[in-house]
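Engineer: sequence plus the predicted model coming up.
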Amino acid sequence: MSASISLQSDVSVGYLGPPGTFSHQASMKRFGDSLAYVPYPKIEDVIAAAAKEEITYGVVPIENSTFGAVVQTLDAFVDQPRVRIRAEVYLPVTQSLLSRYQLSAIRKVYSHPQAFGQSRQWLDQNLPNASRIEVSSTAKAAELAAAETYTAAVSSEVCAAMYHLDVVAKDITSAKDNTTRFFVLGQSSDLPTGDDKSLLMFTVDHRLPGALCSALDVFAKYKINQTAINSRPSRQRQWHYMFFVEIVGHELDDNVARALEDIKSYCLDLVVLGSYPRQSY
């Protein structure tokens, strides 16, 4: 991936904006500060832009160690199945309460649903009567808190400086090792490194008893470890689901290629969203 970047003169990176979000911070961690960064108002906008090649890469959150999968990203993959995952990035995440007002004066709190989930215990104890309003990003929350009276945001300390807010309370996350994983998206995946993961997206015929179990058994047959499984409504018909399964291995590895061929007999749709080097966290 680094080699491909060096061969491109105009590299752009899309992320969930506005500037200061954790997606922005993850992008900077992965690419540095010498590229063109493009903020988008929604996760699905980033994924659509990457699929249409309007940007070179897109960076989107996929899961948080405290609050689980980012469903907006999974749902957007259903709509944009041609986008490819290039890499993963882990970012330690610390949420803080930002405001222009003291804690006792705060009546409303903005944040992203994931950030609310990560800080729910602190908010329940310290701001039980303040209304919580979900917005598209933690940076957008900070932007709104800076403009409105008696309002706060659950966001990062980076945003405190950017939006001229005070840090009313530091590190209000429930888990002190809180980490978010991000995907780097593009139009292709790199060749195998020998230590890779792949994300698959598929549906099964729910009319067949044990169809999902049969599909998952294929991985055991080829000694492929599964690191995560999630499901989302397929939006094709009621009570029909799209399954997301992350496995250890590259789609070009012999055992993975054979497993993908076998699993097709149990699946109505099967898409490999990408294979990418496994990163430490």
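Structural biologist: Structure received.
Engineer: mind listing what residue 271 touches?
Structural biologist: By C-beta atoms under 8 Å, 6 or more residues apart in numbering, residue 271 lies in contact with 81, 200, 201, 202. The way it works is simple: take the backbone N, C-alpha and C, and place the C-beta from them, glycine included.
Engineer: and residue 105, by the same measure?
Structural biologist: Residue 105 touches residue 150, counting by C-beta under 8 Å, 6+ apart.
Engineer: what's the separation between the spatially closest residue to residue 137 that is not a sequence neighbour and residue 111?
Structural biologist: Distances taken as C-beta to C-beta, 6 or more residues apart in numbering place residue 21 nearest to residue 137, at 4.6 Å, with adjacent residues excluded. Applying C-beta to C-beta, to the nearest Å, the value for residue 21 to residue 111 is 11 Å.
Engineer: what residues are shared contacts of those two?
Structural biologist: Counting by C-beta under 8 Å, 6+ apart, the residues touching both residue 21 and residue 111 are residue 138.
Engineer: what are the phi and psi angles of the residue nearest to residue 137?
Structural biologist: Reported as degrees, to the nearest 10, the phi and psi values for residue 21 are phi -70, psi 170.
Engineer: likewise residue 155?
Structural biologist: The phi/psi pair for residue 155 (degrees, to the nearest 10) reads phi -160, psi -170.
Engineer: what is the burial count for it?
Structural biologist: 31 (other C-beta atoms under 10 Å).
Engineer: swap in the one 5 residues further on?
Structural biologist: Residue neighbour count, defined by other C-beta under 10 Å, stands at 23 for residue 160.
Engineer: middle-most residue in this structure, spatially?
Structural biologist: What sits nearest the mean C-alpha location of the chain, by C-alpha atoms, centre = their mean, is residue 61, with 1.8 Å.
Engineer: beta-bridge partners for it, please?
Structural biologist: residue 182 (DSSP bridges).
Engineer: element containing residue 206?
Structural biologist: If you go by DSSP states H and E, residue 206 is not part of any helix or strand.
Engineer: measure the closest residue to it other than its chain neighbours to residue 216 for me?
Structural biologist: Among residues not flanking residue 206 along the chain, residue 240 sits closest, at 6.5 Å (C-beta to C-beta, 6+ apart). Remark: distance between residue 240 and residue 216 (C-beta to C-beta) = 18 Å.
Engineer: ok, the two, which is more surrounded?
Structural biologist: residue 216 (17 against 14).
Engineer: my guess is that one meets residue 224, correct?
Structural biologist: No - between residue 216 and residue 224 there is no contact under C-beta atoms under 8 Å: 10.2 Å.
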